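Asks: Here's a sequence, model it:
(2 chains)
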Number of protein chains: 2
Amino acid sequence: MQNKIIDLTHLLNENATVYPDTVGPKFESINNVAEHGFAEMQVTMVLHSGTHIDAPCHILGNTKTLSDFPVDKFMGTAIVIPCMDKVEIGLEYLKTFEHKIAKVDFILFFTGWQYKWNSEAYFEDCPLLTVEAAKWLATFKLKGIGLDAFSVDTIVSAHVVTYETLPNHYILLGAEIILIENLTNLDQLPEDIFMFQCLPLNIEYADGSPVRAIAVV
Amino acid sequence: MQNKIIDLTHLLNENATVYPDTVGPKFESINNVAEHGFAEMQVTMVLHSGTHIDAPCHILGNTKTLSDFPVDKFMGTAIVIPCMDKVEIGLEYLKTFEHKIAKVDFILFFTGWQYKWNSEAYFEDCPLLTVEAAKWLATFKLKGIGLDAFSVDTIVSAHVVTYETLPNHYILLGAEIILIENLTNLDQLPEDIFMFQCLPLNIEYADGSPVRAIAVV
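Replies: Numbers count the residues shown, from 1 in each chain, chains lettered A, B, ... in the order given. Just a heads-up that it's a prediction; the model follows:
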């Protein structure tokens, strides 16, 4: 059986779109072949750069870091739910996928924002889960929820992070459902269940991690 | 069929062993939940930190970076070859594995150095491929070669990187066989062929990348 691998990860460089109030990744060549005999790049970045995971402790004090989970937390079965024509992702719509949601480890929301990456339009609100829908999803045994946009909540200034401004983060991370943000190529995924992976770096106490997310279909 | 996932990745923190003349990773908490409503760690590290890949361009000018390869370059079938009782890994020994080497994408050498991680003994020469053996391996269609030690060559000062000091790097990277260094848990792998993965971050022009390497057995 021939598996096809679909790369769901944006290219990471200094031009990559970053969340408001966040410093973008910096890359510096500190050694090069001509002068030093070997090339070595150094990166400085927050752990929430590019396509990345949010751990529960990113928002909620005294909750799990990424290194608190076994590695199989970051791989499993998945479905993609098309939301391109939605303003909000409500409970009624999600219930039409209930029999699949009950079976999978990950849900990916395809908002169409992947086409806006590296443009100003990426900062507009993507289709957002209602609080009612997020609470309903939190009752399933999901490992994670991903999307091709910044956030499962409205983009807010870093100065007003509260339950009121980021309710879906609080609800989902509170249920230990990790969030995978800034995915791409979700338009290439099948309607059926597929395998999804988003293995984080093995950084101790990480509140997040850039990942190379893939689907195996 | 139940797959078992084995994490082959060392924990990455500021105490992680680094190659001589290399600066270790630095982690800084730039935001925290109590003060800012969210936690965000920033990392500064060379791309060859912890368990990581070397791209051909790490040593050889005008060769491929990691972003030049499709993502399936970093996953496939693998075997582990036990080398704990060896001083060098010679052609004669490798030939006893020839029928398996011809079939797999990755070879992992278990040197026992994984037990020396984060100690001075990790800097001692591990069992090393002979140049003859490296040249023979380069004739196979291998995607990569990994080991639970720093290097497929003697550890050298960064000031004397040449074909003479790092011949195995030149030979293997020259054949576009990526190197995966500082693996661990190789003692938990089966004798038979298993699935191996070492997906790099999707960093443009990367000469290397820390990875979350795993086996699926």
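Asks: hmm, what's the outermost residue in chain A?
Replies: Most distant residue from the mean C-alpha position of chain A: residue A:35, 39.0 Å away (C-alpha atoms, centre = their mean).
Asks: now check the host helix or strand of that residue, is it near chain B?
Replies: In the assignment (DSSP states H and E), residue A:35 maps to helix A:33-36. Yes: interface with chain B: helix A:33-36 contributes A:33-34, A:36 (C-beta under 8 Å from any C-beta of the partner chain). From N, CA and C alone the C-beta is placed, and that goes for glycine too.
Asks: Now do the buried residues in that helix.
Replies: residue A:33 (16 or more other C-beta atoms under 10 Å in any protein chain shown).
Asks: Tell me the gap between the helix or strand just after it and the middle of its chain.
Replies: For helix A:33-36, the following helix or strand on the C-terminal side (DSSP H and E) is strand A:40-46. Centroid displacement of strand A:40-46 relative to its chain, using C-alpha atoms, centre = their mean, to the nearest Å, is 21 Å.
Asks: for the following helix or strand past strand A:40-46, what is the average pLDDT?
Replies: Next helix or strand after strand A:40-46 toward the C-terminus (DSSP H and E): strand A:52-54. Computed over strand A:52-54, the mean pLDDT rounds to 98.
Asks: So for chain A, which residue is the most central one in space?
Replies: By C-alpha atoms, centre = their mean, chain A has its centre lying nearest to residue A:180, at 1.5 Å.
Asks: Am I right that it sits in a helix?
Replies: No: membership of residue A:180 in a helix is not supported by DSSP: H, G, I helix; E, B strand; the rest coil, which gives strand.
Asks: So what's the predicted local confidence for residue A:151?
Replies: Value for residue A:151, per-residue pLDDT: 95.
Asks: Could you do the one 3 residues further on as well?
Replies: Per-residue confidence for residue A:154 comes out at a pLDDT of 91.
Asks: Neighbours of the nearest residue to it once chain neighbours are set aside, how many?
Replies: In space, and not counting its chain neighbours, residue A:154 is closest to residue A:125: 5.6 Å by C-beta to C-beta, 6 or more residues apart in numbering or on different chains. Burial of residue A:125 is recorded as 15 neighbouring residues (other C-beta atoms under 10 Å in any protein chain shown).
Asks: check contacts around the residue farthest from the centre of chain A.
Replies: By C-beta atoms under 8 Å, 6 or more residues apart in numbering or on different chains, the contact set of residue A:35 is empty.
Asks: List phi and psi for residue A:78.
Replies: When quoted as degrees, to the nearest 10, the phi and psi of residue A:78 stand at phi -150, psi 160.
Asks: Give the burial count for it, as a bare number.
Replies: By other C-beta under 10 Å, neighbour count at residue A:78 equals 26.
Asks: any chance you could map the helices in chain A?
Replies: Here chain A has its helices, by DSSP state H, at A:33-36, A:91-95, A:98-101, A:131-137, A:167-174.
Asks: looking at those, which is buried most?
Replies: Comparing the helices of chain A by mean neighbour count (mean count of other C-beta atoms under 10 Å in any protein chain shown), helix A:167-174 ranks first with a mean of 21.
Asks: What is it packed up against?
Replies: Applying 3 or more C-beta pairs under 8 Å, 6 or more residues apart in numbering or on different chains; DSSP states H and E, we find helix A:167-174 packed against helix A:131-137, strand A:178-181.
Asks: Let me see the mean pLDDT of the shortest one.
Replies: Taken as a whole, strand A:178-181 has a mean pLDDT of 98.
Asks: Off-centre distance for the helix or strand bottoming out on mean pLDDT in chain A?
Replies: Least confident helix or strand, chain A: helix A:33-36 with a mean of 90, by mean pLDDT, DSSP states H and E. Relative to the centre of its chain, helix A:33-36 is centred 37 Å away, using C-alpha atoms, centre = their mean.
Asks: Could you list the low-pLDDT ranges of chain A?
Replies: Per-residue confidence for chain A (pLDDT under 70) gives these ranges: A:1, A:158-159.
Asks: Could you rerun that using 90?
Replies: By pLDDT under 90, the weakly predicted segments of chain A are A:1-3, A:20-22, A:35-37, A:155-165.
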